[in-house]
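*Asks:* The sequence and its predicted three-dimensional model are supplied below.
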Amino acid sequence: MNAVLFIVAVVLTATPSEAIFPGASWEERTPESVGLDISRLNQLEQQLGGRGCIIKDGYLVKTWGDQEQLTDWASSSAPVLSTLLFFAVSEGLVKSVDQPIAEFGWELKEKDRGITFRQLGAMMSGYARPEGPGKAWAYNDFAMQLYQMTLFDKVFKGDANTVALDLKHLGSLGFQDGLTLTERRRVKASVRDFARIAWFWLNHGRWGEKQLLPNRFFEEFMKPQAPFDLPATKPAEQDDYLNVGSYGGNSDQLSVCGPGTYGFNWWFNEKGRTHPEARMWPDVPVDSVMTIGARGNCSALIPSLKLVLVSAGGNWGEIIPGKPETVFNQVLKLLAESAGYKGP
């Protein structure tokens, strides 16, 4: 995965009854009218560049760049896969997130027969690596490919776009510019449409008057799943013996972070094995969450300020956890401070 990333930052609504949702398009407000500091948002835009938008309280309050341009969100698509897994569990197609994927027909090696959906979503499955399931951390795009193929080809057994855009799933979000899944089942959408997905997560599976996913999935699973003390995978040649291919990169990436901070393809503002004294982004609210994708395309949540930031092609610098001087921390700090956040 490239060092330059995209971010969606989200802050959860206080109660479901207060939630505002877009119709055919987002309702617009000025930053000042919803209590945001425009000068900090302008600094944020200048830092990131690319294309982006900011949502506050369900209103579109700032945009930059082409809002209609479709983007392949790379690894920021991965939490969408986990969301579809939650739908599959809710619909009885999967027994639980701890069901072994071998039960769906994969002929796995002996060491891999215990791989579960949870382990795939937490980058600790061991597929194509020397360790067994749950034994080591590896940001692993071959395991991600196995994850999406299991979901669409063996669980839902249907066309990926038909499954994802079913009105029982994400189709109810009413994407303004159209959303599709690529051949590798990665999301291709505009920034303002990816913000709809972020707002759906922010509201714990609710969209308008519909609770599309039970709140419990977010209460239980929107938290780190890779244990704090999980070791990194050992150096080894990747072994894609199922010939599933890659979701985008190799099978061993981002060894600088992950254990203690990652789960179901979201990144959380927690302390981790490689940064035990500091949270991922030390100057932003503890409840901040992100999804991260290559080429400046990612998503992050700060569930206390009711904000969403979406940035495609943004200049995010390198992922270095626990360091105040990183671009990640500084941009998210500007976002939080724009809403009056005074620091931890």
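*Replies:* Arrived safely. Numbering: from 1, shown residues only.
*Asks:* measure residue 191 to residue 212 for me?
*Replies:* Applying CB to CB, to the nearest Å, the value for residue 191 to residue 212 is 22 Å. The way it works is simple: take the backbone N, C-alpha and C, and place the C-beta from them, glycine included.
*Asks:* got any ranges where the chain has weak pLDDT?
*Replies:* Residues of the chain meeting the criterion pLDDT under 70: 1-18.
*Asks:* mind listing the helices in it by residue range?
*Replies:* Here the chain has its helices, by DSSP state H, at 38-48, 78-90, 117-121, 141-149, 160-164, 191-202, 216-221, 327-338.
*Asks:* OK, contacts around residue 96?
*Replies:* Residue 96 sits next to residue 89 when contact means CB atoms under 8 Å, 6 or more residues apart in numbering.
*Asks:* Just want to know which of residue 191 and residue 212 has more residues nearby.
*Replies:* Between residue 191 and residue 212, counted using other CB atoms under 10 Å, the more crowded position is residue 191 (30 against 21).
*Asks:* what sits against that one?
*Replies:* Taking CB under 8 Å, 6+ apart, we find residue 191 in contact with 51, 52, 53, 65, 67, 69, 71, 310, 311, 312.
*Asks:* Can you flag the buried ones in those?
*Replies:* Buried residues within these, defined by neighbour count using 16 or more other CB atoms under 10 Å: 51, 52, 53, 65, 67, 71, 310, 311, 312.
*Asks:* In strands only, show me the residues you listed.
*Replies:* Within the buried ones among the contacts of residue 191, residues falling in strands by DSSP state E are 51, 52, 53, 71, 310, 311, 312.
*Asks:* Now stretch 167-185: buried residues?
*Replies:* In stretch 167-185, counting by 16+ other CB under 10 Å, buried: 169, 170, 171, 172, 173, 174, 175, 176, 179, 181, 184, 185.
*Asks:* Rebuild those as CSV, extending it with distance to residue 288.
*Replies:* As requested, those are exported to CSV (distance: CB to CB, whole Å):
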residue, distance to residue 288
169, 26
170, 24
171, 29
172, 27
173, 23
174, 27
175, 25
176, 26
179, 25
181, 27
184, 28
185, 27
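*Asks:* Inside strands: which ones of the residues you listed?
*Replies:* residue 181.
*Asks:* For stretch 271-282, buried residues please.
*Replies:* Residues of stretch 271-282 classed as buried by neighbour count (16+ other CB under 10 Å): 271, 272, 273, 274, 275, 279, 280, 281, 282.
*Asks:* Look up the closest residue to the third one, ignoring the ones flanking it.
*Replies:* Once flanking residues are discounted, residue 273 sits nearest to residue 259: 4.2 Å by CB to CB, 6 or more residues apart in numbering.
*Asks:* ok, now how distant is that neighbour from residue 49?
*Replies:* 32 Å.
*Asks:* Between those two, which has more neighbouring residues?
*Replies:* residue 259 (22 against 14).
*Asks:* My guess is that one contacts residue 137. True?
*Replies:* Yes. Using CB atoms under 8 Å, residue 259 is in contact with residue 137, at 5.0 Å.
*Asks:* Tell me the residues that contact both of these two, please.
*Replies:* In contact with both residue 259 and residue 137: 226, 230, 231, 232, using CB under 8 Å, 6+ apart.
*Asks:* With residue 259 as the reference, measure out to the third one.
*Replies:* Yep, that's residue 231 we're talking about. Distance from residue 231 to residue 259, counting by CB to CB: 8 Å.
*Asks:* any residues in contact with both of these two?
*Replies:* In contact with both residue 231 and residue 259: 137, 273, using CB under 8 Å, 6+ apart.
*Asks:* quick one: the strands in the stretch 201-344 of the chain?
*Replies:* Using DSSP state E, counting those that start in this stretch, the strands of the stretch 201-344 of the chain run over residues 206-207, 210-211, 262-263, 266-268, 289-291, 293-294, 299-301, 307-312.
*Asks:* Residue 91 is nearest to which of those strands?
*Replies:* Of all the strands of the stretch 201-344 of the chain, it is strand 210-211 that lies closest to residue 91, at 14.1 Å by CB to CB.
*Asks:* ok, that closest one: who's next to it in the sheet?
*Replies:* Sheet pairing of strand 210-211 (DSSP bridges) gives strand 206-207 (antiparallel).
*Asks:* contact partners of the partner strand?
*Replies:* For strand 206-207, the external contacting residues (CB under 8 Å, 6+ apart) are 16, 19, 21, 172, 173, 200, 212, 215.
*Asks:* burial count for the closest residue to residue 246 other than its chain neighbours?
*Replies:* Excluding its sequence neighbours, the residue lying closest to residue 246 (CB to CB, 6+ apart) is residue 141, at 4.6 Å. As a burial measure, residue 141 scores 26 neighbours (other CB under 10 Å).
*Asks:* Verify the contact between residue 141 and residue 254 for me.
*Replies:* No. In this structure, residue 141 is not within contact of residue 254 by CB under 8 Å, at 10.7 Å.
*Asks:* if I pick residue 45, what's in contact with it?
*Replies:* Contacts of residue 45 (CB under 8 Å, 6+ apart): 52, 62, 64.
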